[in-house]
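Undergrad: coordinates for the following, if possible.
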Amino acid sequence: MEQLVTSNLKLGIIAGGQLGKMLIQEASKWDIITYVLDDEEDCPAGKIASHYIKGSNIDFESVYQFGKMVDVLTFELENVNIDALKKLKAEGLRVVPDPKVLELIQDKGLQKEFYKKNGIPTSPYSLYQTEKEITVGLEQGKIQYPFVQKVRKGGYDGRGVAVINSANDLPKILAGPSVIEQKVDIAKEISVIVARNGKGEIASYPVVEMIFDPEANLVDKLICPSSITVEQSEKAICYAKEIIELLNMEGLLAVEFFVDSKGDITVNEMAPRAHNSGHHTIESIITSQFEQHLRAILNLPLGSTTIKLPSVMINILGESGYEGAVMYEGLTESMAIEGVKIHLYGKKITKPYRKMGHVTIMSSSLEGALKKADAVKQLIKVKSWTKNK
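TA: Down below sits the predicted model:
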């Protein structure tokens, strides 16, 4: 886009969380004018954007009027008013990724049907509208324990997911239209981030392995490169590339996979944006996921995804039992460890398991990075000035 070299390009980002903040940090290197739409005036991205606009990502008028201010519109989360995006696109605004892609990905039921239609391996599933339908499905033997319930819309960061291992877990059943999946015997969880620009060029990042916190259901540790086999890695990358091609999508797509106990790979779900599983790329890969997203949506040549050094990324989460003005412990001690890069998102209030930042740890060997990561995890704690009773 020729506007890029004039320093007059206005990029709009819907929602102002940490993903938006890190995208703006990359955009500033190219002197792009950035606009952020968010309800919270002290949101992480709003503090560093060229322009902060107060408004809701799910309100039609807020999204529509925001889009009229910019040359290119993108987003850092899926929960965006689709009708507003479609209207803006119809009026000639460049909205990337395309609203039709976002509409499909917003709905986990439509996602599953997309995989099934296109022969992409995914766990067996059924669609249900209500809690009562799920109960009847159990009574009729159509649903077997153990299973996983995912609400079709609005879930993120472990929210909107219920793991039902037995009848004792039935009180966990969530309200609303849902996907019911057979529980996979998971050996590993992995992620592949791919990018595609308007010319159809595709670039894939190396496969990463994700280890989850069982209580928070959030990524606790991310390892790059992963420990899966070369064949498994190639298969996952091939599926991710196939998906972004089938979607005819421009932008960044994160695809999460399960590797089961037999070694088979199935798609779990996807996100059309920068992703938590790509934060390590800021330091450990030649082109970060945030720069790559900009390259893709502006139809620029895609950057190299070659690994500089093996790395481990850990999320900095709010400690259980603490809520209030944030206080960090162990940052200084962690910074004394070679290869440690700390990112704080600028959230002033901590809550249990809230994502407050991340740390990328690099070393000449993956074993070295893992050892350092364990030390950092013991050092860094996120608390508040007063412990909750």
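
Undergrad: correct me if wrong: M356 contacts I316.
TA: Yes - between M356 and I316 there is a contact under CB atoms under 8 Å: 4.9 Å. Backbone N, C-alpha and C define where each C-beta goes, glycine included.

Undergrad: any common contacting residues for these two?
TA: A shared contact of M356 and I316, defined by CB atoms under 8 Å, 6 or more residues apart in numbering, is any residue touching both; here these are 344, 382.

Undergrad: what stretches of the stretch 201-350 of the chain score poorly on pLDDT?
TA: Screening the stretch 201-350 of the chain residue by residue with the criterion pLDDT under 70, one finds the ranges 216-217.

Undergrad: mind listing the helices for it?
TA: Per DSSP state H, counting those that start in this stretch, the stretch 201-350 of the chain has helices spanning 230-246, 281-284, 289-297, 331-335. These are given in chain order.

Undergrad: pick the most buried one from these.
TA: Ranked by mean neighbour count, these are led by helix 289-297 with a mean of 25 (mean count of other CB atoms under 10 Å).

Undergrad: would TSV of the helices of the stretch 201-350 of the chain with distance to A27 be doable?
TA: Formatted as TSV, the helices of the stretch 201-350 of the chain follow (distance: least, CB to CB, whole Å):
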stretch	distance to A27
helix 230-246	22
helix 281-284	14
helix 289-297	6
helix 331-335	27
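
Undergrad: among those, which comes closest to I380?
TA: Comparison of the helices of the stretch 201-350 of the chain against I380 by CB to CB identifies helix 331-335 as nearest, at 5.7 Å.

Undergrad: give me the distance between the two termini of stretch 64-72.
TA: Terminal residues of stretch 64-72 are spaced 13 Å apart (CA to CA, to the nearest Å).

Undergrad: mean confidence for that stretch?
TA: For stretch 64-72, mean pLDDT rounds to 98.

Undergrad: just stretch 130-144 next, same as before
TA: Here stretch 130-144 scores 91 as its mean pLDDT.

Undergrad: can you pull the buried residues of stretch 265-272?
TA: By neighbour count with 16 or more other CB atoms under 10 Å, stretch 265-272 contains the buried residues 265-272.

Undergrad: show me this protein divided up by domain.
TA: The chain is divided into the following domains under automatic domain parsing: 2-95, 124-182, 186-384.

Undergrad: mind listing what the residue nearest to the spatial centre of the chain touches?
TA: Within the chain, the residue whose C-alpha comes closest to the C-alpha centroid is H275; the distance, by CA atoms, centre = their mean, is 3.0 Å. If you count contacts by CB under 8 Å, 6+ apart, H275 has them with 191, 193, 252, 254, 289.

Undergrad: can you report how many residues neighbour the third one?
TA: As a burial measure, L252 scores 30 neighbours (other CB atoms under 10 Å).

Undergrad: and it, bridged to which residues?
TA: Following DSSP bridges, L252 is listed with bridge partners A195.

Undergrad: surely it is in contact with Q292?
TA: Yes - counting by CB under 8 Å, L252 sits close enough to Q292 to count as a contact (6.1 Å).

Undergrad: give me the nearest residue to K29, chain neighbours excluded.
TA: If you skip the residues right next to it in sequence, K29 has E291 as its closest partner in space, 8.0 Å away by CB to CB, 6 or more residues apart in numbering.

Undergrad: measure the residue nearest to the centre of the chain to L93 for me?
TA: H275 sits 25 Å away from L93, going by CB to CB, to the nearest Å.

Undergrad: gap between A15 and D83?
TA: Summarising the geometry, the distance separating A15 from D83, computed by CB to CB, is 17 Å.

Undergrad: neighbour-wise, which of these two wins?
TA: For the pair A15 and D83, the greater number of neighbours falls to A15 (22 against 12), based on other CB under 10 Å.

Undergrad: residue contacts, the residue lying farthest from the centre of the chain?
TA: Note on the chain: the largest separation between a C-alpha and the mean C-alpha position, by CA atoms, centre = their mean, falls on Q140 (36.4 Å). The contact partners of Q140, taken as CB under 8 Å, 6+ apart, number zero.

Undergrad: now D264, what are its backbone angles?
TA: As for D264, its main-chain torsions (degrees, to the nearest 10) stand at phi -80, psi 150.

Undergrad: please look at it and P121 and confirm they touch.
TA: Yes - under the criterion of CB under 8 Å, D264 lies in contact with P121, with a separation of 7.3 Å.

Undergrad: quick one, what contacts S28?
TA: If you count contacts by CB under 8 Å, 6+ apart, then S28 has 34, 48 around it.

Undergrad: pretty sure it sits in a strand.
TA: No - with the criterion set as DSSP: H, G, I helix; E, B strand; the rest coil, the secondary structure at S28 is helix rather than a strand.

Undergrad: any idea how far it is from E189?
TA: As defined by CB to CB, S28 lies at a distance of 33 Å from E189.

Undergrad: L170 too?
TA: L170 sits 25 Å away from E189, taking CB to CB as the criterion.

Undergrad: for E209, same thing?
TA: The value you get for E209 to E189, if CB to CB is used, is 7 Å.
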